[in-house]
Structures are given as C-alpha cells and as structure tokens.
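Enquirer: attaching a predicted model along with its sequence, questions to come.
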2 protein chains.
Amino acid sequence: MNLLDIGAVSRHSGIPPSTLRYYEEIGLIQSVGRHGLRRQFDTPVLTQLALISLGKLAGFSLDDIKGMFAGDGSPQLPRPELHQRADMLDQQIKGLTRLRDALRHVADCPAETHMDCPKFKRLMEFASRTANRR
Amino acid sequence: MNLLDIGAVSRHSGIPPSTLRYYEEIGLIQSVGRHGLRRQFDTPVLTQLALISLGKLAGFSLDDIKGMFAGDGSPQLPRPELHQRADMLDQQIKGLTRLRDALRHVADCPAETHMDCPKFKRLMEFASRTANRR
DNA sequence: GGTTGACCTCAAGTTGACTTGAAGTGGCAG
DNA sequence: CTGCCACTTCAAGTCAACTTGAGGTCAACC
C-alpha cells in the first residue's frame, strides 16, 4: 500500500499539517488510518488537494468544493450543475482577462491620465458590466 | 456637478451602503462632501467600484487593490509591478480554465469512473502542477 | 531504554471583509 | 411645522478559513 503520513502529504502538496487536519475535520479529505497517532493518507489525496486548491483559486468556498467532489475526490454532481459551475467560471475568466488587459494596458499606455484614454475607458465599461455578483 | 449620494451609488453599483462606508473608512474610495449628513460621491466612483469588484474577483485583497489604484481610481503602480500582477492573473486564468475544462469534461464524459479517464487524469496532472501559491 | 521530533487533541485566537444594532440627525413632502 | 425616512456614528458581532498554544503521545534511532 502506498500510504503517506501527514508530513509527507504536507511536503508534497505545500499545505501545512494544521490545514490538512482542518480539512479532515470538516470532511473535505479523509485519512485512511493511523500509524501510531499519525494520520495516514492514500496517495490520491494529492490529486484531491490539487483540485481543492484549484477550486479555491476559482473562488469557491470549502463548502462549495465539498459539495462538488465525493469523499474520494471524484466529481459527484448532476451534469447541469457542473455545466452551471463551468459557466460561472467562464464569467470569472472573462472578468480576470479584462482586468489583466486593463493592467497591461496601463502599464504600456503612454497616456498620462488613463481615465481619458479611450481604450482604457472601454475596458472599464466592460468591467462595470461584468463585475459584481458573488 | 454630478454628485450622487450614497443611496444612489449603492443602487448603481449594487454595493450596500454599509460596504461603501466601510470602503471609505479604509481609504479605498473617497466621498467628496456631504449633503446634510449624507455622503456625496462623484460619478467616477462607479468606475472605481467596478475596478474594485474586478480586483476582488481576481482574488486580490482590499489592501492589494488599495495599493494598485490611487484614490481617484487611476492606477498608480510602477510598470514592472503592473506587469507582474498581470502575469499572476495569467497564471490564475490558466488554472481556472483548467478547472473549467475539467468540470465540463466530467459533465460530458460518459466514463463511469473519471479517475480512470485518461483525459481527466491529464487535466488533473496539470492541476497539480499549476495549483497552489497565493 | 532514554531522547527526540514529528505528530496528536482541543480550545482559543486571528484576519479580512463586512454586517448589525442602537441611538441620533436633518432635508423635505404634506 | 411636523413627521418620516434615509441617512449618520460607533461599537460590537459574524463568518470563513485557518493558525497558535498548551500539554500529551509514540515510533524510531542511538
């Protein structure tokens, strides 16, 4: 059996042991046993943690994430809901892309006052329409 | 002068008055005066709030955002830093895109056990490499 | 077989971002 | 001129997501 104790999981995932214990406590991950006192995890937990990090990056709460994946890390949601989540992500990606473009633009645009730059203004109009809601 | 009182700003931006007061308290936005007790804002504050929402969406803290834009909403950062922020956003966008693709894939893939699906596994490997760090 | 060090539990503390509540104010419609 | 109601302040509360600290345990190495 390929078991990792909590320290190894922490080293591989970059997530502190305290957080791993917390995640177990709230039911986000599961340990498969103990070695003495030490929690042992199965290797797939690493995939699960990657998924969790990605989900957090996407702005989902731990509770959301808990709902998305079954205990073993495999996604467990009705298809329409998955598509809905994907659509939400699309919205967010669009917003981020806009913000990135705005940032790059102001980094490169020689205009002294960006608020007067038509390109920047256009970006900001998009922003106003896209932002908000979460 | 095109002044809006806090209620109007709230209505236009979708942000509750309590939050607007809070944003002013921490110096993220500024009111330009009072009408009686009521805060009056200049219309550009709406653009600023859109920017703030976008920044939050991007996962920046209010403090980060405060550092990015001057009080009037115009970006005020050294160019290299702006590019660096934009690069961070690119990373994040890539991660989200991956997550979105993974979500859509499992929504459509007929495989019963996603963890065995090569396409899903490939997505997850990317995920492991990309995730973490914030 | 003693020391070490990485783990353990459980309660309490922290941080960021707000929200809520109590008590007060002031412009304006009637 | 009297209400009303949307605002005001200020302190305290809330929630998620962790982290910290005190005090304890145990497998493994010397």
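Expert: Now that the structure is in, tell me what you want to look at. Residues are numbered from 1 along each chain as shown, chains lettered A, B, ... in the order given.
Enquirer: quick check: the closest residue to DNA strand D within chain A vs chain B, distance?
Expert: In chain A, the residue that lies nearest DNA strand D is residue A:36 (2.4 Å; C-beta to the nearest atom of the strand). From N, CA and C alone the C-beta is placed, and that goes for glycine too. Note on residue A:36: its distance to chain B, by C-beta to the nearest C-beta, to the nearest Å, is 29 Å.
Enquirer: next, count neighbours for residue A:88.
Expert: 17 (other C-beta atoms under 10 Å in any protein chain shown).
Enquirer: does anything pack onto the helix or strand it falls within? Which helices or strands?
Expert: Take DSSP states H and E as the rule and residue A:88 turns out to sit in helix A:79-108. Packing partners of helix A:79-108 (3 or more C-beta pairs under 8 Å, 6 or more residues apart in numbering or on different chains; DSSP states H and E): helix A:118-130, helix B:45-57, helix B:79-108.
Enquirer: which residues are in contact with the nearest residue to residue A:7 once chain neighbours are set aside?
Expert: Residue nearest to residue A:7 in three dimensions, not counting chain neighbours: residue A:17, with 6.7 Å by C-beta to C-beta, 6 or more residues apart in numbering or on different chains. Residues in contact with residue A:17, defined by C-beta atoms under 8 Å, 6 or more residues apart in numbering or on different chains, are A:6-7, A:10.
Enquirer: show the buried residues in the residues you listed.
Expert: Buried by 16 or more other C-beta atoms under 10 Å in any protein chain shown: A:6, A:10, out of the contacts of residue A:17.
Enquirer: a markdown table for the contacts of residue A:17, including distance to residue B:21, pLDDT and secondary structure?
Expert: Below are those laid out as a markdown table (distance: C-beta to C-beta, whole Å; pLDDT from 0 to 100; DSSP: H, G, I helix; E, B strand; the rest coil):
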| residue | distance to residue B:21 | pLDDT | secondary structure |
| --- | --- | --- | --- |
| A:6 | 44 | 97 | helix |
| A:7 | 46 | 97 | helix |
| A:10 | 41 | 96 | helix |
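Enquirer: which strand residues bridge residue A:3?
Expert: residue A:42 (DSSP bridges).
Enquirer: state the pLDDT value of it.
Expert: Residue A:3 carries a pLDDT value of 94.
Enquirer: mind checking how far it is from DNA strand C?
Expert: 12 Å (C-beta to the nearest atom of the strand, to the nearest Å).
Enquirer: could you count how many residues lie near that residue?
Expert: Applying other C-beta under 10 Å, we find 15 other residues in the vicinity of residue A:3.
Enquirer: pretty sure it contacts residue A:42?
Expert: Yes: counting by C-beta atoms under 8 Å, residue A:3 touches residue A:42, with 6.6 Å between them.
Enquirer: so what sits against both of those two?
Expert: Common neighbours of residue A:3 and residue A:42 (criterion: C-beta under 8 Å, 6+ apart): residue A:32.
Enquirer: list the buried residues for the helix holding residue A:88?
Expert: Neighbour counts over helix A:79-108 (16+ other C-beta under 10 Å) mark A:82, A:85-86, A:88-89, A:92-93, A:95-107 as buried.
Enquirer: what about it, average pLDDT?
Expert: Helix A:79-108 shows a mean pLDDT of 84.
Enquirer: same deal with stretch A:55-73?
Expert: For stretch A:55-73, mean pLDDT is 82.
Enquirer: with only the CA atoms kept, save that stretch in CSV.
Expert: Output in CSV follows, covering the C-alpha atoms of stretch A:55-73 (Å, rounded to 0.1, in the frame of the first residue of the first chain):
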residue,chain,number,x,y,z
GLY,A,55,-11.4,25.3,-6.6
LYS,A,56,-10.2,27.8,-4.0
LEU,A,57,-8.4,29.7,-6.7
ALA,A,58,-11.7,29.8,-8.6
GLY,A,59,-13.3,31.5,-5.6
PHE,A,60,-15.3,28.6,-4.4
SER,A,61,-15.8,28.2,-0.7
LEU,A,62,-14.6,25.0,1.0
ASP,A,63,-18.2,24.1,1.4
ASP,A,64,-18.9,24.5,-2.3
ILE,A,65,-15.9,22.4,-3.0
LYS,A,66,-17.0,19.8,-0.6
GLY,A,67,-20.3,19.6,-2.5
MET,A,68,-18.5,19.2,-5.8
PHE,A,69,-16.4,16.2,-5.1
ALA,A,70,-17.2,13.0,-3.3
GLY,A,71,-15.0,11.9,-0.5
ASP,A,72,-12.7,10.1,-2.8
GLY,A,73,-12.2,13.2,-4.9
